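# turn this into a model:
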Amino acid sequence: MFVTKGSHKVLIITAATMSILLSGCAAKPNNQSQQNKSIKQQQVQQPGHEDNRIQIAKEAAAKITELESVKQANVLVTQRKAYVAALLKNDQQLTREIEDQIANKVRATDPNIQNVYVSTSPEMADRFNAYVLDVQQGRPVAGFVDQFKEIVARVFPTTK
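Below you'll find the predicted structure:
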């Protein structure tokens, strides 16, 4: 290779440019890796973060009302748990058999549900009905999550 006066400057500029480009490319993945690590650490370091989504399971409620003993039902789902507020026909009492039938209907509509909690309390049915109606009418339901947690803690004390 022959080096002339003019080509010497081109060679230095080319070498400097390549050096900058290569160091920039090498730094970017490392920087991205550091960002990913800090994000993962933030997620791990926030164990108090709760999933506050409450979903209305209309299909499960419809399946439950197909049962001969159930007059009306609403189902709310959160964190793979289903909470059923049902009213039974003819002042019937909730038996283990009816509870199992209701749980089977819920799990048939959503196999991801791990636990099904059933209440035939008129208060629970009224609260669930009000929540479902508010959602259907587009009303804000921001305070419902805290109310829901209180109700669940009171009606189903073994639920965590």
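
# so where's the protein shaky on pLDDT?
Residues of the chain meeting the criterion pLDDT under 70: 1-51, 159-160.

# and the helices in this protein?
Using DSSP state H, the helices assigned to the chain run over residues 5-44, 58-65, 96-109, 122-136, 144-155.

# what's the last one in contact with?
With contacts defined as C-beta atoms under 8 Å, 6 or more residues apart in numbering, helix 144-155 is touched by 52, 54, 76, 78, 83, 117, 119, 121, 124, 127, 131, 134, 159. (Each C-beta comes from the backbone N, C-alpha and C, glycine too.)

# now these: which count as buried?
Among the contacts of helix 144-155, those classed as buried by 16 or more other C-beta atoms under 10 Å are 54, 76, 78, 83, 117, 119, 121, 124, 127, 131.

# what about residue 115, neighbour count?
Neighbour count for residue 115, taken as other C-beta atoms under 10 Å: 16.

# and what of residue 110?
Taking other C-beta under 10 Å as the neighbour definition, residue 110 ends up with a count of 16.

# and the gap between it and residue 77?
7 Å (C-beta to C-beta, to the nearest Å).

# swap in residue 132?
Taking C-beta to C-beta, one finds residue 132 at 12 Å from residue 77.

# which residues do those two both contact?
Residues touching both residue 132 and residue 77 (C-beta under 8 Å, 6+ apart) are residue 56.

# so which of those two has more stuff around it?
The neighbour comparison of residue 132 against residue 77 (other C-beta under 10 Å) goes to residue 77, with 21 against 18.

# so the more buried one makes contact with residue 107?
No: in this structure residue 77 lies outside contact range of residue 107 using C-beta atoms under 8 Å: 11.4 Å.

# now do the shared contacts for the two.
Shared contacts of residue 77 and residue 107 (C-beta under 8 Å, 6+ apart): residue 113.

# contacting residues for residue 140?
Applying C-beta under 8 Å, 6+ apart to residue 140 gives the contacts residue 134.

# same thing but at 7 Å, please
With contacts defined as C-beta atoms under 7 Å, 6 or more residues apart in numbering, residue 140 has no neighbours.

# distance of it relative to residue 131?
Separation of residue 140 from residue 131 (C-beta to C-beta): 12 Å.

# swap in residue 92?
Residue 92 sits 24 Å away from residue 131, taking C-beta to C-beta as the criterion.

# what's the answer for residue 121, then?
For residue 121, the distance to residue 131 - C-beta to C-beta - is 15 Å.

# next: residue 55.
Residue 55 is 11 Å from residue 131, by C-beta to C-beta.
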